[in-house]
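>>> Here's my sequence, what's the structure:
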Amino acid sequence: MEFREIVPLIKATIEKAEEVANKQYTKIFVSHDWGCFLTYLFDSVYPNYIRLIYAFDVSFSNKPIVIKALSEKPYVKYLAEAFEKGGEEGDKMSRKMMDLLLKDPEFEGITEDDIKRFDHSWNYMYYYLVKYSEYYSTFLKKYQPSCPIFYAYGKNKEKMFHDERALETLRKT
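Residues are numbered from 1 along each chain as shown. Got it, this is the predicted structure:
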């Protein structure tokens, strides 16, 4: 499912929760990484629906080169290929990547059962990032938030996912 197809499902989920609770909620989105991207897409499709966005690490004003660079990273291309191949071959490729991650101390808590559950379908975001990198680069460059955004990021990160235009826009919200 492509990112733009996910956005209406998010809205439908919120509406269903409100229907079940028989209550209207203030929409505050808290997002990180890919979630930021989906939140910005949501806000662009349904402007003024969200009251406030908390975004961690990924801003909306990435220079197109950032999306392009991400879509060309070897691990992203590899996982996108695993998704596209699907089936046993895609699952095997995905688990091979998990095996590599297990060697990193940061992923110390991952178990063999976790690896068995990891299959090609988990890689759909990488696939769509690679397939539609041009579209998403353009989208992020043009996006203007319809609500205030609280944006936080680590200053000592290797790669920053924002630019000066984003920070200037955020100062105004």
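>>> Report the buried residues of the biggest helix by length in the chain.
Secondary structure of the chain read by DSSP state H shows that its longest helix is helix 3-21. Of the residues in helix 3-21, those with enough neighbours to count as buried (16 or more other Cβ atoms under 10 Å) are F3, R4, I6, V7, I10, I14. No exception for glycine: its C-beta is placed from N, CA and C like everyone else's.
>>> any chance of those in CSV, plus distance to S94 and pLDDT?
Rendered in CSV, the data for the buried residues of helix 3-21 read as follows (distance: Cβ to Cβ, whole Å; pLDDT from 0 to 100):
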residue, distance to S94, pLDDT
F3, 20, 75
R4, 24, 79
I6, 20, 87
V7, 25, 90
I10, 25, 93
I14, 31, 96
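>>> would TSV of these with distance to P47 be doable?
Formatted as TSV, the entries for those read as follows, by distance: Cβ to Cβ, whole Å:
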residue	distance to P47
F3	17
R4	15
I6	17
V7	12
I10	15
I14	15
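>>> From these, pick the one nearest K131.
Here the nearest of the buried residues of helix 3-21 to K131, counting by Cβ to Cβ, is F3; it sits at 10.3 Å.
>>> hmm, back to that, quick check: what element follows the longest helix of the chain along the chain?
Once helix 3-21 ends, the next helix or strand along the chain (criterion: DSSP states H and E) is strand 28-32.
>>> export the helix or strand just after that following strand as PDB, just CAs?
Helices and strands here follow DSSP H and E; after strand 28-32, the next one along the chain is helix 34-45. Taking Å, rounded to 0.1, in the frame of the first residue of the first chain, the C-alpha atoms of helix 34-45 are listed here in PDB:
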ATOM      1  CA  TRP A  34       8.300   7.600   8.900                       C
ATOM      2  CA  GLY A  35       5.400   8.700  11.000                       C
ATOM      3  CA  CYS A  36       6.400  12.300  10.500                       C
ATOM      4  CA  PHE A  37       6.300  11.800   6.800                       C
ATOM      5  CA  LEU A  38       2.800  10.200   7.000                       C
ATOM      6  CA  THR A  39       1.600  13.000   9.300                       C
ATOM      7  CA  TYR A  40       2.700  15.700   6.800                       C
ATOM      8  CA  LEU A  41       0.900  13.800   4.000                       C
ATOM      9  CA  PHE A  42      -2.200  13.600   6.200                       C
ATOM     10  CA  ASP A  43      -2.100  17.300   7.000                       C
ATOM     11  CA  SER A  44      -1.700  18.100   3.300                       C
ATOM     12  CA  VAL A  45      -4.700  16.000   2.300                       C
END
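>>> That's all I had, so thanks and see you.
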